[in-house]
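Participant: Any chance you could fold what I've pasted below:
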Amino acid sequence: MEICCFPQSISTYFCFATFFEFYKFQSISIILSPYLPYLLIPLLTLLMHSLNGYDLLSVERELSFEDPVTETVCFHCQQAVEKYLKAFLVYHQIYFTKTHKIADLLELCATVESSFKDELEDADSLTDYAVEVRYPDVWLEPGIESAEEALEIAKKVKEFVLNKINFANDTKKEATNSV
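Facilitator: Predicted structure coming up:
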């Protein structure tokens, strides 16, 4: 039984959901199986959105200190941006490989909504904070200005993506389509 081709953390959820659905609710799964993607995709997107809140909350708390650890701030900004872009891709059921490269994710998002590349091109500047700041062979210690700029970019991406994933409009569309 093939499960899904989403990234590992999401495919783990699908494995659990499929196991639970198949073994506990065999009779219901026959009824729900055509609707399962429509039920799970918005749920997974919402879950990814709520997890992103922790990255930005950590950033804002760290920046409130007199001497913030700026590499941690920039890392969490990059993580938030990456997760919001991946949430958009999950919402639109677009496959993506395991990556931290914001440019690659923007390119995929642009296949659905072309404005991603133009509006969020500065988000790619956060890519270096994903891995490079965590290894000693590359010395990258961002200043407070860079950390604050990273937060502004992350907030811009969050707002942009959430405007593109509008659950209220989806609910209205489904309601009018069913009438």
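Participant: For this protein, which segments are assigned as helices?
Facilitator: 8-24, 26-32, 36-63, 70-91, 102-110, 115-119, 144-164, 167-178 (DSSP state H).
Participant: just for this protein, where's the confidence low?
Facilitator: Where the chain drops to pLDDT under 70, the residues are 1-52, 132-139, 167-179.
Participant: Give me the neighbour count for residue 64.
Facilitator: Number of residues near residue 64 (other CB atoms under 10 Å) recorded here: 8. No exception for glycine: its C-beta is placed from N, CA and C like everyone else's.
Participant: just the one 3 residues further on next, same as before
Facilitator: Neighbours of residue 67 under the rule other CB under 10 Å: 6.
Participant: what does residue 126 give?
Facilitator: Under the neighbour criterion other CB under 10 Å, residue 126 is assigned a count of 23.
Participant: Would you mind measuring from it to residue 158?
Facilitator: Taking CB to CB, to the nearest Å as the criterion, residue 126 is separated from residue 158 by 13 Å.
Participant: Over to residue 109?
Facilitator: Note on residue 109: its distance to residue 158, by CB to CB, is 14 Å.
Participant: So for these two, which residue has more residues nearby?
Facilitator: residue 109 (25 against 20).
Participant: pretty sure that one is touching residue 116, no?
Facilitator: Yes - in this structure, residue 109 is within contact of residue 116 by CB atoms under 8 Å, at 4.1 Å.
Participant: for stretch 62-77, which positions count as buried?
Facilitator: 62, 68, 70-77 (16 or more other CB atoms under 10 Å).
Participant: want to throw these into TSV with distance to residue 163?
Facilitator: Output for the buried residues of stretch 62-77, formatted as TSV (distance: CB to CB, whole Å):
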residue	distance to residue 163
62	27
68	29
70	29
71	30
72	28
73	25
74	24
75	25
76	22
77	19
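Participant: Closest to residue 53 out of the residues you listed?
Facilitator: For residue 53, the closest of the buried residues of stretch 62-77 turns out to be residue 76, at 11.2 Å, with distances computed as CB to CB.
Participant: distance of that closest one from residue 69?
Facilitator: 10 Å.
Participant: Which neighbours do these two have in common?
Facilitator: When contacts are counted by CB atoms under 8 Å, 6 or more residues apart in numbering, residue 76 and residue 69 are jointly contacted by residue 62.
Participant: quick one: contacts for the residue nearest to residue 148 when sequence neighbours are not counted?
Facilitator: Once flanking residues are discounted, residue 148 sits nearest to residue 63: 7.1 Å by CB to CB, 6 or more residues apart in numbering. Contacts were defined as CB under 8 Å, 6+ apart; by that measure residue 63 touches 73, 147-148, 151.
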